[in-house]
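*Asks:* Build the 3D model from these lines:
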Amino acid sequence: IIAALGLGSNSVTIIIASMLVSPLMGPVVGMAYGTTIEDFKMFRTAFATEVLSLFACIVVGAIVGGCMAPFQLSDEWPNDEQLNRASTTSLLVGLPVAFSSGLGVAVSVLDEQTGSLVGVAISASLLPPAVNAGMLWTMYWFDHVH
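*Replies:* Presented below is the predicted three-dimensional model:
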């Protein structure tokens, strides 16, 4: 909900705040840790949780986007923050960042240096793009289907 409000209002500060409370970071840590210690059952469980959580974020984005659609704020959609998270270039640039962040998570968990996890959570947060997808799909539905 925080990410949707930040995306809808074009506020990078609120979007960053949503990354700090992202529920998607736990499964990412589980996947990195499971891979590092070669516990593939842990990896599979974390991966399934991540996919389910991403789907839930898309649904929440669609619901909040639908609630915001009747208001004047949505007349400016897609705004800069939404467009920045919806391009192929952003995806291609984000992949190596996410991979490097995953390595950072694995190292910090193994060395018990959990203070660095906040930076990793921000750099690899999947929450805003997932919520953005739901919001933009809702916007498309209101503009072209409805």
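
*Asks:* Do I have it right that Ala3 meets Thr13?
*Replies:* No: taking contacts as C-beta atoms under 8 Å, Ala3 lies outside contact range of Thr13: 12.0 Å. Bear in mind the C-beta positions are built from the backbone N, C-alpha and C, glycine included.

*Asks:* neighbour count winner among these two?
*Replies:* Using other C-beta atoms under 10 Å, the more surrounded residue of Ala3 and Thr13 is Ala3, with 29 against 9.

*Asks:* Model confidence score at the more buried one, please.
*Replies:* pLDDT recorded at Ala3 is 91.

*Asks:* What is the neighbour count of Met68?
*Replies:* Around Met68 there are 20 other residues, counting by other C-beta under 10 Å.

*Asks:* Now the host helix or strand of Leu54: average pLDDT?
*Replies:* According to DSSP states H and E, Leu54 maps onto helix 40-68. Across helix 40-68, pLDDT averages out at 93.

*Asks:* which is the next helix or strand following that helix?
*Replies:* For helix 40-68, the following helix or strand on the C-terminal side (DSSP H and E) is helix 80-84.

*Asks:* Contacts for that next one next, please.
*Replies:* Contacts to helix 80-84, defined as C-beta atoms under 8 Å, 6 or more residues apart in numbering, come from residues 6-7, 10-12, 15, 90, 132, 135-136.
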